[in-house]
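Undergrad: 3D, please:
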Amino acid sequence: MTTALGEKIKAIIRTNGPLSITDYFSLCLADPVHGYYKTREPFGHSGDFVTAPEVSQLFGEMIGVFMVHAWQRHGTPADVRLVEIGPGRGTMMADMLRVIGKLAPQLYDAMTVHLVETSERLQGFQKQTLEAHGTKVTWHMDFGEVPTGFTLLAANELFDAIPIRQFVRTQSGFRERAVGLDISDELTFTTGVATLDPALLPDGSSPPIGTIFEIAPARQAVMTTICDRLAVHGGTALAIDYGHMATGFGDTLQAVRMHEYDPPLEHPGEADLTSHVDFQDLAQTALASGMHINGCCHQGDFLVGLGLLERAAALGRDQDATTQESIQNAVERLAAAGEGKMGELFKALAVSSPPIDLLPFRPVS
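TA: Numbering: from 1, shown residues only. As a prediction, this is how the structure comes out:
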């Protein structure tokens, strides 16, 4: 089956030759007419995937607890920008703000809230969700528009949606992977002319032919922009995403459509395209900007360390059995370890400037 965007991509390839994975990824998500984020309703049970904040209010509440803790460790500065990049429907921010208002009214009163969102449609959802907070909340199309100053920043499932480059090992070294057309005029993976600097490979290794290696200069650029702001004005940034803690080989490009995995070339523009985040690379990028790495751990350990189980027990107290069961199921979904489970698949990375220790991360000696 072809899609409107598929036809457009084929026309581009016929004119200009194969597209890099980066360009294909960008078109699928952000084409102004047919791109996934322009046309689809990605979030929630009726969409293509469910994000952690949609699973339960507990997720956003724990992020709120983390932000209050970071603010306290930084010495309770008076003027704070609370920033979220890629805020979905605004659910996580609403849950964060409820907790911050309860735990640290002084912080709530002193801070302004900034949502970085490029989709006007999603901004509409967010404005409804956060209506109660009035003029405290401002929207920006770009992080550069957020006023400077001490910053507490959250990014949940931001980096996985930023395009990657892929290289495949051939007889003549690593060549860039691209999307071209096969003899039946269908989209297919092929190799382009660009090569890879061997210094980027883990331990200068030489894996078998056909092995794929991913790099993400665009993710590094976003991380550097965030860290440069923190380096000058102080603050903490938290990134939660699915991915791996150590750089390695492998193809992690994936499409999700109606809660099912879909071949990445099958429904361009109609499926969400993502890839796993290399947290080792993100941490190294932050270090290069002079950040202190608070730590990186599994999402489950992060949430439990912040008091997820205690908060779930309090939420379920005096509730009926059905409500208690749904709370328990949400805890399982968010925090359970094991192959393919959110609690293990997703990682949390926090970076700060100046250096502070933050729970639930253990100080790095």
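
Undergrad: check contacts around residue 56.
TA: 327, 330, 331, 333, 334 (C-beta atoms under 8 Å, 6 or more residues apart in numbering). For every residue, glycine as well, the C-beta is placed using N, CA and C.

Undergrad: ok, the closest residue to residue 226 other than its chain neighbours to residue 292 distance?
TA: In space, residue 226 comes closest to residue 237 once its chain neighbours are excluded; the distance is 5.3 Å by C-beta to C-beta, 6 or more residues apart in numbering. To residue 292, residue 237 is 11 Å away according to C-beta to C-beta, to the nearest Å.

Undergrad: these two: who's more crowded?
TA: Relative neighbour count places residue 237 above the other of residue 237 and residue 292, with 25 against 18, counting by other C-beta atoms under 10 Å.

Undergrad: and that one, which of the three is it?
TA: Using DSSP: H, G, I helix; E, B strand; the rest coil, the secondary structure recorded for residue 237 is strand.

Undergrad: surely it is in contact with residue 353?
TA: No: taking contacts as C-beta atoms under 8 Å, residue 237 lies outside contact range of residue 353: 9.3 Å.

Undergrad: intersection of neighbour lists for those two?
TA: When contacts are counted by C-beta under 8 Å, 6+ apart, the set common to residue 237 and residue 353 consists of 227, 230.

Undergrad: what's across from residue 176 in the sheet?
TA: Taking DSSP bridges as the rule, residue 176 bridges to residue 167.

Undergrad: ok, residue 151 next?
TA: residue 81, residue 235.

Undergrad: from residue 237, how far off is it?
TA: Residue 151 is 8 Å from residue 237, where distance means C-beta to C-beta.

Undergrad: overlap in contacts, these two.
TA: Common neighbours of residue 151 and residue 237 (C-beta under 8 Å, 6+ apart) are residue 230.

Undergrad: related to what we said a few turns ago, quick check: neighbours shared by residue 237 and residue 292?
TA: 351, 352.

Undergrad: can you name the next helix or strand after the helix or strand of the chain with the lowest mean pLDDT?
TA: Counting by mean pLDDT, DSSP states H and E, the chain has its least confident helix or strand at helix 52-55, which shows a mean of 63. The helix or strand immediately downstream of helix 52-55 is helix 57-73, counting by DSSP states H and E.

Undergrad: got the buried residues for that following helix?
TA: Within helix 57-73, the residues scored as buried using 16 or more other C-beta atoms under 10 Å are 57-71.

Undergrad: cool, stretch 2-14 as well?
TA: 3, 5, 6, 8, 9, 10, 12, 13.

Undergrad: can you check stretch 321-338 too?
TA: Judged by neighbour count (16+ other C-beta under 10 Å), stretch 321-338 contains these buried residues: 324, 327, 330, 331, 333, 334, 335.

Undergrad: the fourth one touches residue 308, doesn't it?
TA: So that's residue 331. Yes: taking contacts as C-beta under 8 Å, residue 331 lies within contact range of residue 308: 6.4 Å.

Undergrad: what is in contact with the two at once?
TA: Between them, residue 331 and residue 308 have residue 58 as joint contacts when contacts are counted by C-beta under 8 Å, 6+ apart.

Undergrad: could you pull out the helices for the protein?
TA: Along the chain, counting by DSSP state H, helices occupy 4-16, 21-30, 36-39, 52-55, 57-73, 91-103, 105-110, 120-129, 217-233, 279-288, 299-305, 308-316, 321-335, 342-345.
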